[in-house]
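Q: sharing a model prediction with you, sequence too.
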Amino acid sequence: MNDDKAQIHDLLEVFTRALHQRDSAAAIAPLAEDAVVFDLAPPLRMGPEASHDPAILEAWFATWTSPIASRSHDLEVAVGGDVAYAYGLQHLTGTKADGAVVDLWFRATACFRRDAGRWRITHMHNSVPFAMDGSDRALLDLTP
């Protein structure tokens, strides 16, 4: 693995650790100033103002009683100059405040830009497939 790919892996690990520890400041720190997020929860698009708002993360963290475990699987990283992207499957587990046990696999993509010699996350996109049978229900029970 070259140095750029290793730095991106490390950056994603920092983000994952911040989620696990429910640390909003640490989760926001790797984001570029203009980061845009397409996440599992509404809205469809979170621009830089929302993606950098710790109150949004704190509200989500408050819905968990356990650490939030998130692990990448089949992670691919590609680097070209000062831009890069990573994609793979993500496995999220933990216990919600209502006692529900979360065991969710979803698709995750992140885009990066090197700013002043440092990699930053410019875009994250997380999604689950939905049933194409007319029910339009999210398929939350899929596993690799």
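A: Sure, I can see it. Numbers count the residues shown, from 1 in each chain.
Q: can you pull out the helices in this structure?
A: Counting by DSSP state H, the segments of the chain that form helices are 3-20, 24-28, 48-51, 54-61.
Q: quick one: the longest strand belonging to the chain to helix 3-20, angle?
A: Criterion DSSP state E: the longest strand present in the chain is strand 101-115. Using axes from the mean of the first three to the mean of the last three C-alpha atoms, to 10 degrees, the inter-axis angle of strand 101-115 relative to helix 3-20 is 140 degrees.
Q: please name the bridge partners of the residue nearest to H73 when sequence neighbours are not counted.
A: Of all residues not flanking H73 in the chain, L89 sits nearest, at 4.6 Å (C-beta to C-beta, 6 or more residues apart in numbering). The way it works is simple: take the backbone N, C-alpha and C, and place the C-beta from them, glycine included. Beta-bridge pairing for L89 (DSSP bridges): H73, R107.
Q: for the remainder of this discussion, apply numbering that starts at 39.
A: Sure, I'll start counting at 39 from here, so that last one is L127.
Q: burial check on L127, number of neighbours?
A: Residues lying near L127 (other C-beta atoms under 10 Å) number 16.
Q: could I get the helices of the chain as CSV with distance to A107, mean pLDDT and mean neighbour count?
A: Putting the helices of the chain into CSV (distance: least, C-beta to C-beta, whole Å; pLDDT from 0 to 100; neighbours: other C-beta atoms under 10 Å) gives the following:
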stretch, distance to A107, mean pLDDT, mean neighbour count
helix 41-58, 6, 97, 16
helix 62-66, 14, 98, 17
helix 86-89, 22, 96, 15
helix 92-99, 14, 97, 14
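Q: so where is the chain shaky, pLDDT-wise?
A: In the predicted model, the chain carries pLDDT under 70 at residues 39.
Q: on that earlier part again, the residue nearest to H111 reaches S110, doesn't it?
A: Yes. Applying C-beta atoms under 8 Å, one finds L127 in contact with S110, separated by 7.4 Å.
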